[in-house]
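# fold the following and give me the result.
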Amino acid sequence: MRLSPRTTGLNPVEDVVRYAHVAEAFKAPDNTCRPSLHEQHEEIVVIQARDYDGEVAGIRSIVRPESGKPYLEQLQIMRDVGIDRFSGLLPPRVQH
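Residues are numbered from 1 along each chain as shown. Here you go, the predicted structure:
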């Protein structure tokens, strides 16, 4: 089993080829304060993934109408965004 040192404490998984992370967050139109405290903040879902070929991220805005159920807007995909969260998690790639 080949694991990166950064996976210490995680459940070992053999032959990991990709990591992904999903989180709810806030986005603000400017940097005047923390996004969660900004009067015009937007709730979003952030999706990030990395494999040996690169990374990809996406954002979906959360819409909360006054009446009716909340829903997610269309996915906005961003490529090559430099996701640091997963740097060093994948084991070294073995060439066959």
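# you'd agree residue 26 is up against residue 36?
Yes - under the criterion of CB atoms under 8 Å, residue 26 is in contact with residue 36, at a separation of 4.5 Å. Every C-beta, even on glycine, is put in place using the N, C-alpha and C of the backbone.
# what about these two, which has more around it?
Neighbours were tallied for residue 26 and for residue 36 using other CB atoms under 10 Å; the higher tally belongs to residue 26 (14 against 11).
# list the contacts of that one.
Taking CB atoms under 8 Å, 6 or more residues apart in numbering, we find residue 26 in contact with 34-36, 38, 41-44.
# at 10 Å instead, please
Remark: with contacts taken as CB atoms under 10 Å, 6 or more residues apart in numbering, residue 26 is in contact with 34-38, 41-44, 62.
# tell me the secondary structure of it, please.
Three-state call for residue 26 (DSSP: H, G, I helix; E, B strand; the rest coil): strand.
# okay, the nearest residue to it once chain neighbours are set aside and residue 68: tell me how far apart.
With CB to CB, 6 or more residues apart in numbering as the measure, residue 35 is the residue that lies nearest to residue 26, at 3.9 Å, once sequence neighbours are left out. For residue 35, the distance to residue 68 (CB to CB, to the nearest Å) stands at 25 Å.
# between residue 26 and residue 36, what contacts are shared?
Between them, residue 26 and residue 36 share the neighbouring residues residue 43, with contact defined by CB under 10 Å, 6+ apart.
# please enumerate the strands of this protein.
18-27, 42-51, 54-63, 71-72, 76-79 (DSSP state E).
# of the ones you listed, which is nearest residue 91?
With CB to CB, the closest approach to residue 91 among the strands of the chain belongs to strand 18-27: 11.3 Å.
# from the chain's centroid, how far away is the closest one?
A distance of 3 Å separates the centroid of the chain from that of strand 18-27, by CA atoms, centre = their mean, to the nearest Å.
# and it with strand 54-63, angle?
For strand 18-27 against strand 54-63, the angle between stretch directions is 40 degrees (axes from the mean of the first three to the mean of the last three CA atoms, to 10 degrees).
# can you point out the buried residues in strand 18-27?
Within strand 18-27, the residues that count as buried by 16 or more other CB atoms under 10 Å are residue 19.
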